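In: 3D model of this:
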Amino acid sequence: MRPITGDGGDTINWLNYKTGVRHIYFRMDADMNYASIAIELTHPDSLMREQHYEQLRQVKKMLQKSTGEEWNWQFYQEQDGNIFSRVGKMLPGVNILNENDWPAIISFFKARIIALDKFWMMVKDGFD
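Out: As a prediction, this is how the structure comes out:
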């Protein structure tokens, strides 16, 4: 995606978005079956991760208002046993290797990362 100015007025590297809060990441992913965007909470201390999750849950309505949709709230365990929380949205049925799917994937990511940036500018101070 071409550079787009973020809600804070800075040019943002959308693929490596800096939340400014350690262990909170915005992730975009696409493969041969889907595209997804998510907020991932990966703090190794389970109490801190749960605190971040609860803080995010408290601003859930703001996230919904910013994105215009309901996102999925889940916990995951990686193969190495690490647990993380994820709040995200998925676009099923697209293939990153199929050029015909690229417009749908780009539109999916662009609208949501811009909305996510706007949301984060409003709430990030509460996560420091």
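In: give me the sheet partners of the helix or strand bottoming out on mean pLDDT in the chain and which way each runs.
Out: Across the helices and strands of the chain, mean confidence by mean pLDDT, DSSP states H and E is lowest for strand 72-77: a mean of 87. Applying DSSP bridges, strand 72-77 is found paired with strand 83-92 (antiparallel).
In: got the buried residues for the strand it pairs with?
Out: Buried residues in strand 83-92, counted by 16 or more other C-beta atoms under 10 Å: 84, 85, 86, 87, 88, 89, 90, 91. For the C-beta atoms, the positions are set from N, CA and C on the backbone; glycine is no exception.
In: what do you get for stretch 22-38?
Out: Quick answer for stretch 22-38 (16+ other C-beta under 10 Å): 23, 24, 25, 26, 28, 30, 34, 35, 36, 37, 38.
In: wait, residue 95 touches residue 32, no?
Out: Yes: taking C-beta atoms under 8 Å as the definition, residue 95 is a contact partner of residue 32 at 4.8 Å.
In: quick one, strands of the chain?
Out: 24-30, 34-41, 72-77, 83-92 (DSSP state E).
In: pick out the shakiest of those, pLDDT-wise.
Out: The minimum mean pLDDT among the strands of the chain belongs to strand 72-77 (a mean of 87).
In: next, the angle from that strand to strand 34-41.
Out: 70 degrees (axes from the mean of the first three to the mean of the last three C-alpha atoms, to 10 degrees).
In: please begin residue numbering at 19 from this point
Out: New numbering, starting at 19: the last item is strand 90-95.
In: how far does strand 90-95 sit from its chain's centre?
Out: Strand 90-95 sits 13 Å away from the centroid of its parent chain (C-alpha atoms, centre = their mean, to the nearest Å).
In: what of stretch 118-126?
Out: Per C-alpha atoms, centre = their mean, the centroid offset for stretch 118-126 relative to its chain is 17 Å.
In: dump it to CSV, restricted to CA.
Out: Provided in CSV are the C-alpha atoms of stretch 118-126 (Å, rounded to 0.1, in the frame of the first residue of the first chain):
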residue,chain,number,x,y,z
ASN,A,118,-7.5,-11.0,-9.1
ASP,A,119,-8.0,-11.0,-5.3
TRP,A,120,-5.5,-8.2,-4.7
PRO,A,121,-8.0,-5.4,-4.9
ALA,A,122,-10.3,-7.0,-2.4
ILE,A,123,-7.4,-7.7,0.0
ILE,A,124,-6.0,-4.2,-0.3
SER,A,125,-9.4,-2.7,0.3
PHE,A,126,-9.9,-4.9,3.3
